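A.B. asks: sequence isn't available, so here's the structure alone:
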Ligand code: SAM
């Protein structure tokens, strides 16, 4: 029998959210790879899943790479291996991505068992325009990348979903206000748990109810119209880099295009193109 890697979602706070399929999958596994075995042992015990015939192995962020040879070997021998994280969907701001990549590259089948994930739960309860959204995960704590990522997604008219630790929420809200303006925002806290709360408001103003630094939190910022006229310079720079890498247009031709769609003169655009070319 061919082995298979099953990627299984587990609850983000409410045990009742585990799916029937997830329980069946975990029960019928020969190996369960867990982000944290102590944590998952409690979950499995609450689900009455005995570990007599199941090997529970750790597969945290720093162990994932080392687990790959064993996983490939056991899949070759026909094992059914489940991958779980501490909560929600594995791989979504959690370990597992490199392992799944290696399993696919080695031509072993994978299966997904979808279920709870904080990103979806937060969007569901936000009550904002989130038809199209960008999931930014945990932002870098500081630096240009943090600002660039937010501005690019926001300028493209996308709603933003950001994972944040509670003691950094206020600082991140202040930054979001600077970069996105006074958009509607919701901080979804303790989703699916006893004290689930949606703190609603506008960036730059107080939330209601007032935010408290407790539990786990997801920030959702409302999406809007795509801004055509005021493309931030970062977006232009990325476009220039992509055109240079495609090697189909000369630097002058790229500069001409840039000048046509921005308020830069041809000379300014050409200097910018040359600067980016030199930095590539
Ligand atoms: N893999 C998980 C998922 O599918 O949502 C996310 C894991 S990530 C390490 C943990 C972050 O997810 C938390 O810091 C928080 O931002 C968010 N999160 C997870 N559970 C949550 C909950 N019950 N309520 C609010 N946010 C939650």
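C.D. replies: Received it, and whenever you're ready, just let me know what you need. Note that the coordinates shown come from a computational prediction; the quantities given were computed from them, not determined experimentally.

A.B. asks: point out where this protein drops to low pLDDT.
C.D. replies: Scanning the chain for pLDDT under 70 picks out the ranges 225-232.

A.B. asks: ok, and the closest non-adjacent residue to the residue nearest the centre of it?
C.D. replies: Geometric centre of the chain, nearest residue: residue 137, 3.8 Å, by C-alpha atoms, centre = their mean. Using C-beta to C-beta, 6 or more residues apart in numbering and skipping residues adjacent in sequence, the residue nearest residue 137 is residue 93, 4.6 Å away. Placement of C-beta: from N, CA and C, glycine included.

A.B. asks: list the contacts for the one you found?
C.D. replies: Residues near residue 93 by C-beta atoms under 8 Å, 6 or more residues apart in numbering: 137, 138, 163.

A.B. asks: show me the beta-bridge partners of the residue of the stretch 1-150 of the chain found nearest the ligand.
C.D. replies: Proximity of the stretch 1-150 of the chain to the ligand (C-beta to the nearest ligand atom) peaks at residue 88, 2.5 Å away. With DSSP bridges as the criterion, residue 88 is bridged to residue 10.

A.B. asks: so that it lines up with my notes, have the first residue be 35 from now on.
C.D. replies: With 35 as the first residue, the last one maps to residue 122.

A.B. asks: report how many residues lie close to it.
C.D. replies: Counted by other C-beta atoms under 10 Å, the residues lying close to residue 122 total 25.

A.B. asks: go on, the one 10 residues further on?
C.D. replies: Close neighbours of residue 132, defined as other C-beta under 10 Å, add up to 14.

A.B. asks: hang on, the earlier thing: and the residue nearest to residue 171, how far from residue 156?
C.D. replies: Distance, residue 127 to residue 156, by C-beta to C-beta, to the nearest Å: 12 Å.

A.B. asks: report the contact partners of residue 251.
C.D. replies: 197, 198, 199, 200, 203, 221, 222, 223.

A.B. asks: among these, which are in strands?
C.D. replies: Among the contacts of residue 251, DSSP state E puts 197, 198, 221, 222, 223 in strands.

A.B. asks: what sits against the nearest residue to the third one once chain neighbours are set aside?
C.D. replies: In space, not counting the residues next to it along the chain, residue 221 is nearest to residue 233; the distance is 4.3 Å by C-beta to C-beta, 6+ apart. By C-beta under 8 Å, 6+ apart, the contact set of residue 233 is 220, 221, 222, 223, 241, 242, 243, 244, 245.
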